[in-house]
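Chemist: No letters, just coordinates:
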């Protein structure tokens, strides 16, 4: 099997595995279904890594499904493109899926016999959709995989369908992401009407030839398609679905949502610009820079502030994901290969660290039935090994060298330069400090415990109805439903091992120079607009001068240490001066903005589309 022939297998393999589980699940013992799913996902991960190694010299495998190759640069065939960034994300998706499946082996109550294979089947379908999205070279098929990804994610978010909160979170997720899908479809329709093509490379070539003659149409199409991807990326003000989904989704699903799915939205925006619009005079580079920078700053600041204000640990981690999405957008706004390589390494490191932190939060749910920072103060002292992992994860999130998050942050700061460096340091310190504050209070009993009357169970606030019930039950983390078969007294080996392995992977990203070189080559290829078209349509590889290989710089190390020190100082100061989990009164309007009402969120999404259009114009 050649590298090109392997690309369809990376999508079809998990889909076939999901179909087998759906067809035979009612007759399979649970452990057989779990192991089968892990084997299928692991085989896809091994194949993706193998293709990456085989193409390490910079070759880009291209597979026209069904042999429908273009003639004279035009065609209607469906193409899969295994460039370094897309194939690397495919490998990342597959590895995280394997880890999430292993983590979930001892996670759920035994389902009814007719649902034995339901969860692993959904996870495999999710993997197939994400891999298809990263590999497709066709804009309409990107929409198809976007929708498949969304539909499966809705089902996974509301997996515990017997609970009203899970259904509400899944519906909110569905409303906003469906709006994003409609925006993409409208944008694809405009581009198809204008160019008669659906392939990314073909559309890009047609727009290049058109110059500035169709400026308004091109801008509208970019705004619509980019809006859909920004919804998936949970960029502010399209972000409201993410914290609500993380509140109710099973922990293995949270590991995938924050670990990689959100980052695929950022990838979609970058892929859209460089393969379709980068050569078009109708969409100036300055407009894209302005739009990404403004939305990135807004997302990073909002996410960091709301992250610090949370006491629900899973919502806290969700807002930290939003904050780091903002940093990814700020870095990409530089629009250089160096910025792309820094962002790619940042995403790799963040995926391991964030998934590990969610894995630790899941252990808290299974041990105590709660992820409320206030209620759990000092109760996690018997889970000290988990507390150590959570603490190290907080430091890594803050950008501590030599973690991959620290290297990606350092490279992004170097690419952006100037005042964005302050933003990177402050946002990383705030998100890392929030995690360290939770670790200190919950696992090590540091700081002042809340008064008994302030604990949720003491007041019965979690039994209230209406808006206050949403404020308490949805945002404190009290009375979380048990996810394991029975309340655990120690962290199950599979769950602890998954968290430790993910954290180790995040560390490895910052310690393996050959990986940095491969990412740099992939970034050069990713940002080569004309080279992508030549490779896909004419099977001609262009050999460009390589950008300098990323490396640790003294300034990057110093800023990473400063971020980690600020995070630790902020956490220590909060623990010393404020009772655990208590939030200031001035934060109430910000928190009430996240009302849980889909109508409010849709209105904000429409405002975000308008804002993006104004920035692009």
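Modeler: In hand now; what should we look at? These figures come from a predicted structure and were not determined experimentally. Numbering: from 1, shown residues only.

Chemist: going forward, measure contacts and count neighbours with C-alpha atoms only.
Modeler: OK.

Chemist: Tell me, please, the helix or strand in the chain that averages the lowest pLDDT.
Modeler: Every helix and strand of the chain was ranked by mean pLDDT, DSSP states H and E. The lowest is helix 466-469, at a mean of 41.

Chemist: So what's the residue count around the residue nearest to residue 524 when sequence neighbours are not counted?
Modeler: Closest residue to residue 524 apart from its sequence neighbours, by Cα to Cα, 6 or more residues apart in numbering: residue 337 at 5.3 Å. Per other Cα atoms under 10 Å, the neighbour tally for residue 337 reads 23.

Chemist: Go ahead and list the helix or strand containing the spatially most central residue of the chain.
Modeler: Geometric centre of the chain, nearest residue: residue 262, 2.8 Å, by Cα atoms, centre = their mean. Per DSSP states H and E, residue 262 falls inside helix 262-272.

Chemist: and that helix, what does it pack onto?
Modeler: On a contact count with 3 or more Cα pairs under 8 Å, 6 or more residues apart in numbering; DSSP states H and E, helix 262-272 meets helix 215-233, helix 313-332.

Chemist: shaky segments in the stretch 401-550 of the chain?
Modeler: Within the stretch 401-550 of the chain, the stretches with pLDDT under 70 are 451-491, 542-544.

Chemist: how about residue 604, what does it touch?
Modeler: In this structure, residue 604 makes contact with 237-238, judged by Cα atoms under 8 Å, 6 or more residues apart in numbering.

Chemist: who are the neighbours in contact with residue 81?
Modeler: Residue 81 neighbours (Cα under 8 Å, 6+ apart): 7, 60-63, 135-137, 536.

Chemist: Revised request: answer the last question for residue 437.
Modeler: Taking Cα under 8 Å, 6+ apart as the test, what residue 437 contacts is 571-572, 574-575.

Chemist: distance of it from residue 560?
Modeler: As for residue 437, its distance to residue 560 is 19 Å (criterion: Cα to Cα, to the nearest Å).

Chemist: Neighbour count for the contacts of residue 81 - can I get that in a markdown table?
Modeler: What follows is the contacts of residue 81, written out as a markdown table (neighbours: other Cα atoms under 10 Å):
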| residue | neighbour count |
| --- | --- |
| 7 | 28 |
| 60 | 24 |
| 61 | 24 |
| 62 | 23 |
| 63 | 25 |
| 135 | 25 |
| 136 | 25 |
| 137 | 27 |
| 536 | 26 |
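
Chemist: Which single one of these is nearest to residue 553?
Modeler: Checking those against residue 553 with Cα to Cα, the nearest one is residue 60 at 30.4 Å.

Chemist: wait, doesn't that closest one sit right on residue 82?
Modeler: Yes: here residue 60 reaches residue 82: they are 5.7 Å apart, a contact under Cα atoms under 8 Å.

Chemist: Run through who's touching stretch 406-426.
Modeler: Looking at stretch 406-426 with Cα under 8 Å, 6+ apart, the contacting residues turn out to be 297, 327, 330-331, 334, 336, 338-339, 341-347, 349, 396-401, 510, 550-553, 555-557, 559-560, 562-563.

Chemist: mind checking which helix or strand the nearest residue to residue 318 once chain neighbours are set aside is in?
Modeler: Using Cα to Cα, 6+ apart and skipping the chain neighbours, the partner closest in space to residue 318 is residue 243 (5.3 Å). Secondary-structure assignment from DSSP H and E places residue 243 in helix 241-248.

Chemist: and that helix, what other elements does it pack with?
Modeler: Of the remaining helices and strands, those touching helix 241-248 by 3+ Cα pairs under 8 Å, 6+ apart are helix 139-157, helix 164-195, helix 313-332.

Chemist: angle of it against helix 139-157?
Modeler: Between helix 241-248 and helix 139-157, the angle comes out at 30 degrees (axes from the mean of the first three to the mean of the last three Cα atoms, to 10 degrees).

Chemist: Run the chain-centre distance for helix 241-248.
Modeler: 13 Å (Cα atoms, centre = their mean, to the nearest Å).

Chemist: Residue 446: what's it in contact with?
Modeler: So residue 446 contacts 378, 440, 575 (Cα under 8 Å, 6+ apart).

Chemist: what about residue 562, how many neighbours?
Modeler: Neighbour count for residue 562, taken as other Cα under 10 Å: 18.

Chemist: Please apply the same query to residue 164.
Modeler: For residue 164, the neighbour count with other Cα under 10 Å is 12.

Chemist: who's in contact with the residue nearest to residue 318?
Modeler: Residues near residue 243 by Cα under 8 Å, 6+ apart: 314-315, 318-319.

Chemist: What sits closest to the residue nearest to the centre of the chain if chain neighbours are left out?
Modeler: In this structure, residue 262 finds its nearest non-sequential neighbour in residue 233, 4.4 Å apart by Cα to Cα, 6+ apart.

Chemist: Equivalent analysis for residue 535, please.
Modeler: Nearest residue to residue 535 in three dimensions, chain neighbours excluded: residue 541, at 5.4 Å (Cα to Cα, 6+ apart).

Chemist: Next, that neighbour: secondary structure please.
Modeler: Secondary structure for residue 541, judged by DSSP: H, G, I helix; E, B strand; the rest coil, is coil.

Chemist: can I assume residue 97 is in contact with residue 253?
Modeler: No: counting by Cα under 8 Å, residue 253 is not a contact partner of residue 97; they are 9.3 Å apart.

Chemist: Pick out whichever of these two has more residues nearby.
Modeler: More crowded of residue 97 and residue 253, by other Cα under 10 Å: residue 97, with 28 against 24.

Chemist: Now residue 553: closest residue in space that isn't a chain neighbour?
Modeler: Residue 553 sits nearest to residue 410 (Cα to Cα, 6+ apart), 7.9 Å away.

Chemist: Just among the contacts of residue 243, which is most surrounded?
Modeler: Result: residue 319 is most packed of the contacts of residue 243 (other Cα under 10 Å), 31 neighbours.

Chemist: List the residues that contact that one.
Modeler: By Cα under 8 Å, 6+ apart, the contact set of residue 319 is 243, 303-304, 306-307.

Chemist: ok, now residue 440?
Modeler: Residue 440 sits in contact with 391, 446-447, 571, 575, where contact means Cα under 8 Å, 6+ apart.

Chemist: Now do the helices in the stretch 1-150 of the chain.
Modeler: Taking DSSP state H, counting those that start in this stretch, the helices of the stretch 1-150 of the chain run over residues 3-24, 30-54, 84-103, 118-135, 139-157.

Chemist: Indicate which one of those is closest to residue 495.
Modeler: helix 84-103 (4.8 Å).

Chemist: relative orientation of the closest one and helix 3-24 in degrees?
Modeler: Helix 84-103 and helix 3-24 are oriented at 30 degrees to each other (the same axes, to 10 degrees).

Chemist: name the helices or strands packed onto helix 84-103?
Modeler: If you count contacts as 3+ Cα pairs under 8 Å, 6+ apart, helix 84-103 packs onto helix 30-54, helix 118-135, helix 251-256, helix 337-368, helix 493-509, helix 513-526.

Chemist: how much space between residue 419 and residue 289?
Modeler: Taking Cα to Cα as the measure, residue 419 falls 15 Å from residue 289.

Chemist: Which of these two has more residues huddled nearby?
Modeler: Higher neighbour count among residue 419 and residue 289: residue 289, with 19 against 9, using other Cα under 10 Å.

Chemist: helices or strands up against the helix or strand harbouring that one?
Modeler: Using DSSP H and E, residue 289 maps to helix 285-309. Counting contacts by 3+ Cα pairs under 8 Å, 6+ apart, helix 285-309 packs against helix 313-332, helix 420-438, helix 598-616.

Chemist: Can you list the buried residues in the second one?
Modeler: Neighbour-count burial for helix 420-438 flags 420-421, 423-438 (criterion: 16 or more other Cα atoms under 10 Å).

Chemist: if we can go back for a sec, and the residue nearest to residue 262, what pLDDT?
Modeler: Residue 233 is assigned a pLDDT of 96 by the prediction.

Chemist: now swap in residue 213 and tell me
Modeler: 62.
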